[in-house]
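Chemist: Following is a predicted model, sequence given first.
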Amino acid sequence: MTQAQLIEESTAWQPSHTRGARTKDALIVDDHPIVREAIKALLEKSFPDVLVTECDGRTSVVNRICGGNWAFVVLDMNLPQRNGLDILKAVKSTGNEVPIVVFSLYAEEQYAARALRAGAKAYIAKDRPPRDLVDAITTVLAGAQVRLSSSWISTRPVLSDREIQVLSLLTKGMPRKEIAHALCIHKKTVSTYRARILLKLRARSVVDLIRYAAEEGFVD
């Protein structure tokens, strides 16, 4: 779903219920202004008693999440300064139990299980209908975790968190030395991860990796 379609549906669709809505604050963490505005419009219509605040993810997201009395947080997975999984783990390590719903471009079969293990209460891909996001938040506000559905099970190879990080940097054209510096690992280790990724994906070159990353939503 494009950003324009999300905006159109968020203004056109009327939710049938607003269970769990209370006079509290909700936080949207996403680095795209258009996406934030669309999500905000959807949430304000679906949960009229919740005050919605925006965050672009370029500052300390963990402090922002832990420093507020949020009814829930909608978190993008791919942020400029820090990976969403790292943010989830950091928030969880503080003992903060704020309900976090991940709303991401990344494919569900690649990231959903990891996000839930890291502390998220729900994971919704951005190509799903807006009502799915509202339903997930409603479930979370009721005190439950959104479980994985059988439709998320994929026969495609699943990469580890580190392999996904390396893949993302490879698709940006970053050389091995810079990747090693960015991830605080040895240059030879980068080569090992690259070889593993190529083998798992049955790819022959970085071009094949870029194509795979685009198909799975790891790159825009």
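Modeler: Everything's here; your move.

Chemist: my hunch is that residue 39 is in a strand, does that hold up?
Modeler: No: assessed with DSSP: H, G, I helix; E, B strand; the rest coil, residue 39 is helix; it does not lie in a strand.

Chemist: Quickly note the distance from it to residue 103.
Modeler: Counting by Cβ to Cβ, to the nearest Å, the separation of residue 39 from residue 103 is 7 Å. (C-beta placed from N, C-alpha, C; glycine too.)

Chemist: Find residues that contact each of these two.
Modeler: 30, 74, 133 (Cβ atoms under 8 Å, 6 or more residues apart in numbering).

Chemist: List just the nearest of the residues you listed to residue 57.
Modeler: residue 30 (6.6 Å; Cβ to Cβ).

Chemist: I'd like the distance between that closest one and residue 131.
Modeler: According to Cβ to Cβ, residue 30 and residue 131 sit 19 Å apart.

Chemist: Also residue 174?
Modeler: Residue 174 sits 38 Å away from residue 131, going by Cβ to Cβ.

Chemist: Residue 145 too?
Modeler: 19 Å.

Chemist: and the most centrally placed residue in the chain, what does it touch?
Modeler: By Cα atoms, centre = their mean, the chain has its centre lying nearest to residue 77, at 2.7 Å. The contact partners of residue 77, by Cβ under 8 Å, 6+ apart, come to 83, 84, 85, 102, 104, 105, 106, 111, 115.

Chemist: still on that earlier bit, counting neighbours around each, name which of residue 30 and residue 131 comes out higher.
Modeler: residue 30 (25 against 16; other Cβ atoms under 10 Å).

Chemist: how about that one, what does it touch?
Modeler: Residues near residue 30 by Cβ under 8 Å, 6+ apart: 36, 39, 54, 55, 56, 57, 74, 75, 76, 79, 103.

Chemist: If you rank the residues you listed by neighbours, which is first?
Modeler: Neighbour counts for the contacts of residue 30 (other Cβ under 10 Å) peak at residue 74, which has 28 neighbours.

Chemist: looking at this, it is in a strand?
Modeler: Yes: the assignment for residue 74 by three-state DSSP puts it in a strand.

Chemist: That one bridge partners, please.
Modeler: For residue 74, the beta-bridge partners under DSSP bridges are residue 28, residue 101.

Chemist: where does residue 135 fall, phi/psi-wise?
Modeler: Dihedral pair for residue 135: phi -60, psi -40, per degrees, to the nearest 10.

Chemist: and it, what pLDDT?
Modeler: You'll see residue 135 listed with a pLDDT of 90.

Chemist: Let me see the ranges of the strands in this protein.
Modeler: Listed in chain order, the strands of the chain (DSSP state E) span 25-29, 51-55, 70-75, 100-104, 122-125.

Chemist: For those, give me a markdown table that also has distance to residue 90 and mean pLDDT.
Modeler: Output for those, formatted as a markdown table (distance: least, Cβ to Cβ, whole Å; pLDDT from 0 to 100):
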| stretch | distance to residue 90 | mean pLDDT |
| --- | --- | --- |
| strand 25-29 | 13 | 95 |
| strand 51-55 | 15 | 94 |
| strand 70-75 | 12 | 96 |
| strand 100-104 | 11 | 93 |
| strand 122-125 | 18 | 90 |
